[in-house]
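J.: sequence? don't have it. structure:
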């Protein structure tokens with residue numbers, strides 16, 4: 001006021017007025033105005049705050065010069081006169097929190113007469129609800145909105161819900177999360193009972209945990225990354241997990257709680273090689289690795305290494321499958337309900353074969369060529385599996401081929417082929433033909449191989465356990481009709497009513513049967529001019545049916561008149577019985593010539609010595625048979641022994657090389673033992689094996705003798721060298 005006024009100017013009929021509107025008391029409406037003369041509530045403060053002024057300020061001033069903790073500086077109290085509960089039910093106080101007059105606002109609520117602090121804004125700007133002593137931590141119960149750390153909030157409650165965010169009337173995002181000014185995502189609900197996580201603008205749900213606890217993670221296929229990343233922030237990882245997903249049980253049964261399965265990303269070196277392992281726990285057991293995918297892409301089940309000898313399954317990324325299991329099958333393939341392929345094999349996408357089942361039996365087949373293992377009848381059958389023709393394939397599949405043969409066939413039963421076929425083919429013209437067929441045979445093995453023929457099969461051939469071939473008989477015996485080719489090399493033929501052996505040569509004359517000793521020919525039976533001859537080399541006899549005669553013959557039945565003896569002087573026949581006469585013819589007069597003994601004899605002869613005798617002057621003995629004898633004595637030369645003929649030969653016409661050797665000592669000839677060399681007027685006889693003279697011949701061997709048969713020429717023309 002600028003001047004003194006009368007009381008009548010201050011107090012009016014309507015109230016109290018000081019300086020118009022500095023203080024106005026409306027006694028009619030019981031209102032007070034400060035800065036206004038028309039208050040419309042119990043107390044109105046009115047002023048112009050333009051230019052940053054603070055004219056509408058209500059100030060509570062504590063005049064105490066030494067403030068204390070929680071000392072009230074000013075207080076607004078809310079009082080109730082309710083007859084049930086009368087008193088202050090809430091208030092707002094300005095307090096100092098320490099002796100330094102650090103100010104705080106306290107908000108109290110409660111039942112009238114017992115209001116207590118419900119919220120505080122402390123001197124740091126933290127808003128604290130329910131617990132005036134709560135600090136910046138998660139342990140003190142209450143709610144704290146930090147002023148010192150703007151944006152940080154704590155909601156802490158002992159044993160119950162600590163906060164609730166609710167969106168009404170529709171599903172969608174409830175909480176928006178922003179980092180550094182950029183929206184990072186939103187949390188809300190995409191359906192009844194579901195917790196959902198949204199993208200930055202809330203337009204797309206990325207993950208949902210439904211009311212049953214199921215988790216669904218959503219990401220567009222064009223995101224180019226995984227929808228769930230587990231990261232180990234350790235900079236050096238070797239033999240540890242990068243990330244782990246555990247499946248935990250709360251089963252109260254024995255050994256049934258805890259981690260019962262897990263998936264882990266692991267490393268086995270410092271080079272970042274990644275392995276994914278899968279573990280499970282059996283009943284009453286611990287969680288154990290069961291499967292892994294290693295850094296090279298190999299899938300290992302029941303094993304941790306690639307060794308094919310280690311038990312387990314190995315699927316190689318190159319397509320190879322390894323299964324290893326001790327003492328049991330390492331693979332099982334099961335087709336349910338219908339018959340058909342169980343396993344199909346392909347080459348470059350084209351089917352090349354399959355294994356399957358038909359009528360509970362196995363088949364292995366490539367299109368129309370395969371085998372069927374018939375368990376119902378215990379046999380293996382040809383099979384085809386081409387579309388529309390599935391089943392047994394009769395008369396269409398071979399076992400082997402001409403250039404792809406099996407080796408041995410072992411059977412305990414028989415070989416059976418239909419009557420219409422050739423049978424079992426050994427060559428283009430040799431077969432074993434069907435059983436019980438008029439042109440067939442039955443083959444069985446029961447210690448021997450037996451072939452039976454005929455419409456009512458009868459024995460045809462047997463190979464016994466010793467390897468003997470028997471035709472027409474079962475056992476080897478001279479007394480049983482049939483043919484035998486013995487394993488030892490002998491042939492035996494027996495027949496009761498017909499010729500046991502028939503030998504035929506077609507075309508030219510020549511040998512029918514040759515006889516050998518140690519690979520050398522010792523005899524022959526042959527045919528010439530319709531007659532049979534037999535013998536050795538150029539010494540044979542022929543049975544001439546046309547002339548009713550037995551004739552001396554040479555090689556292949558050639559004529560050889562006057563050259564073949566019957567017997568010899570030391571190997572003679574006994575009696576000769578004839579019904580006719582003896583006929584003897586000579587080309588020249590032949591009488592037994594004199595015996596010539598050459599004087600002097602031989603030198604001592606050892607068993608291994610070689611001796612040569614040369615006879616000269618034989619040019620007058622054409623047509624004569626000459627024999628050279630040696631008369632030897634036993635060792636010591638005391639008693640004369642019998643003479644032995646060394647060689648006999650025939651001088652044809654006194655020409656060189658014209659003699660015909662006829663006999664060497666009457667013994668088996670060994671090539672080179674006695675060599676006769678013919679000259680124009682003589683012959684040289686070389687004896688290289690002294691055994692021709694006799695056994696143990698030593699000392700004086702005796703004298704040579706020359707017998708000249710069939711010639712009357714004087715023997716004085718012959719001389720010895």
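T.: Received, thanks. Fair warning: this is a prediction, and the values are worked out from it, not measured in the lab. Numbers count the residues shown, from 1 in each chain.
J.: got a pLDDT number for residue 459?
T.: Model confidence at residue 459, given as pLDDT, is 74.
J.: to clarify, my last question referred to residue 678.
T.: On pLDDT, residue 678 comes in at 70.
J.: name the element it belongs to?
T.: Element membership for residue 678 (DSSP states H and E) is strand 674-679.
J.: what helices and strands are in contact with that strand?
T.: If contacts are counted by 3 or more CB pairs under 8 Å, 6 or more residues apart in numbering; DSSP states H and E, strand 674-679 sits against strand 640-650, strand 682-687. (Each C-beta comes from the backbone N, C-alpha and C, glycine too.)
J.: for it, which strands pair with it and how are they oriented?
T.: Partner strands and pairing direction for strand 674-679 (DSSP bridges) are strand 682-687 (antiparallel).
J.: state the mean pLDDT of the partner strand.
T.: The average of the pLDDT scores along strand 682-687 is 68.
J.: also stretch 42-57?
T.: What stretch 42-57 shows for mean pLDDT is 87.
J.: mind checking the end-to-end distance for it?
T.: Stretch 42-57 stretches 17 Å from its first residue to its last (CA to CA, to the nearest Å).
J.: which parts of that stretch are buried?
T.: Residues of stretch 42-57 classed as buried by neighbour count (16 or more other CB atoms under 10 Å): residue 44.
J.: by mean pLDDT, flag the weakest helix or strand of the protein.
T.: Within the chain, no helix or strand scores below strand 592-597, which has a mean of 42 by mean pLDDT, DSSP states H and E.
J.: middle-most residue in this protein, spatially?
T.: Taking CA atoms, centre = their mean, the centroid of the chain lies closest to residue 322, which sits 8.8 Å from it.
J.: could you pull out the strands for the stretch 101-250 of the chain?
T.: 103-109, 116-121, 127-129, 142-145, 153-156, 172-179, 182-189, 195-198, 205-209, 215-217, 241-250 (DSSP state E, counting those that start in this stretch).
J.: ok, residues contacting stretch 79-93?
T.: Here stretch 79-93 makes contact (CB atoms under 8 Å, 6 or more residues apart in numbering) with 72-78, 105-115.
J.: before we move on, what about stretch 106-116?
T.: Outside stretch 106-116, the residues that touch it by CB under 8 Å, 6+ apart are 78-80, 82, 85-95, 117-120, 132.
J.: ok, now with 7 Å
T.: Identification of contacts with stretch 106-116 by CB atoms under 7 Å, 6 or more residues apart in numbering yields 80, 82, 85-93, 95, 117-120.
J.: buried ones among those residues?
T.: Here, 16+ other CB under 10 Å leaves 80, 88-91, 93, 95, 117, 119-120 buried among the contacts of stretch 106-116.
J.: looking at these, spot the one nearest residue 57.
T.: Proximity of those to residue 57 (CB to CB) peaks at residue 93, which lies at 17.8 Å.
J.: could you report the pLDDT at that closest one?
T.: pLDDT, read off for residue 93, is 93.
J.: likewise for the one 4 residues further on?
T.: Predicted confidence (pLDDT) for residue 97: 88.
J.: tell me, how many residues neighbour it?
T.: Number of residues near residue 97 (other CB atoms under 10 Å) recorded here: 20.
J.: for it, give me its contacts.
T.: 69-70, 104, 122-123.
J.: and those residues, which of them are in helices?
T.: Nothing among those maps onto helices, per DSSP state H.
J.: pLDDT and neighbour count added to the residues you listed, as TSV?
T.: Formatted as TSV, these follow (pLDDT from 0 to 100; neighbours: other CB atoms under 10 Å):
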residue	pLDDT	neighbour count
69	88	10
70	88	14
104	92	21
122	89	21
123	89	17
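J.: which of those sits closest to residue 44?
T.: residue 104 (28.1 Å).
J.: do I have it right that that closest one meets residue 119?
T.: No - using CB atoms under 7 Å, residue 104 makes no contact with residue 119, being 10.6 Å away.
J.: find the residue closest to residue 32 in space, skipping its chain neighbours.
T.: Nearest in space to residue 32, with sequence neighbours left out and distances taken as CB to CB, 6 or more residues apart in numbering, is residue 43 at 5.0 Å.
J.: over to the one you found: give its phi and psi.
T.: Phi and psi for residue 43, reported as degrees, to the nearest 10, are phi -140, psi 130.
J.: hmm, it is touching residue 35, no?
T.: No - assessed by CB under 7 Å, residue 43 is found out of contact with residue 35, at 11.2 Å.
J.: low-confidence regions, the protein specifically.
T.: 1-9, 11-15, 221-227, 236-237, 417-448, 453-457, 583-674, 680-682, 685-721 (pLDDT under 70).
J.: cutoff 50 now
T.: Along the chain, segments meeting pLDDT under 50 span 1-2, 427-431, 435-440, 444-446, 586-608, 632-642, 665-671, 690-705, 710-716.
J.: which residues in it form helices?
T.: Under DSSP H, the chain gives helices at 7-10.
J.: how is it partitioned into domains?
T.: Following automatic domain parsing, the chain resolves into domains at 1-50, 171-222, 230-324, 379-494, 510-557, 592-720.
J.: tell me who's in contact with residue 175.
T.: Applying CB under 7 Å, 6+ apart, the residues contacting residue 175 are 165, 186-188.
J.: in CSV: the strands of the stretch 101-250 of the chain, plus distance to residue 545.
T.: Shown next, in CSV, are the strands of the stretch 101-250 of the chain (distance: least, CB to CB, whole Å):
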stretch, distance to residue 545
strand 103-109, 159
strand 116-121, 155
strand 127-129, 150
strand 142-145, 147
strand 153-156, 141
strand 172-179, 132
strand 182-189, 128
strand 195-198, 125
strand 205-209, 121
strand 215-217, 116
strand 241-250, 112
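J.: so which of these is nearest residue 472?
T.: strand 241-250 (84.5 Å).
J.: for that closest one, buried residues please.
T.: Here strand 241-250 shows 242, 244 as buried, counting by 16+ other CB under 10 Å.
J.: return the distance of it from the chain's centre.
T.: 38 Å (CA atoms, centre = their mean, to the nearest Å).
J.: how about stretch 494-510?
T.: With CA atoms, centre = their mean as the basis, stretch 494-510 stands 61 Å off its chain's centre.
J.: likewise for stretch 389-406?
T.: Relative to the centre of its chain, stretch 389-406 is centred 25 Å away, using CA atoms, centre = their mean.
J.: next one: stretch 164-178
T.: Here stretch 164-178 is found 63 Å from its chain centre; the criterion is CA atoms, centre = their mean.
J.: kindly report the same for stretch 531-547.
T.: 72 Å.
J.: mind listing what's buried in that stretch?
T.: Within stretch 531-547, the residues that count as buried by 16+ other CB under 10 Å are 531, 533-535, 539-542, 544.
J.: ok, for residue 374, nearest residue in space, not its chain neighbours?
T.: Going by CB to CB, 6+ apart, residue 374 has residue 361 as its nearest residue, at 5.2 Å.
J.: what do you get for residue 263?
T.: residue 245 (4.5 Å).
J.: that neighbour contacts residue 262, correct?
T.: Yes - Residue 245 is within contact range of residue 262, at 6.3 Å (criterion: CB under 7 Å).
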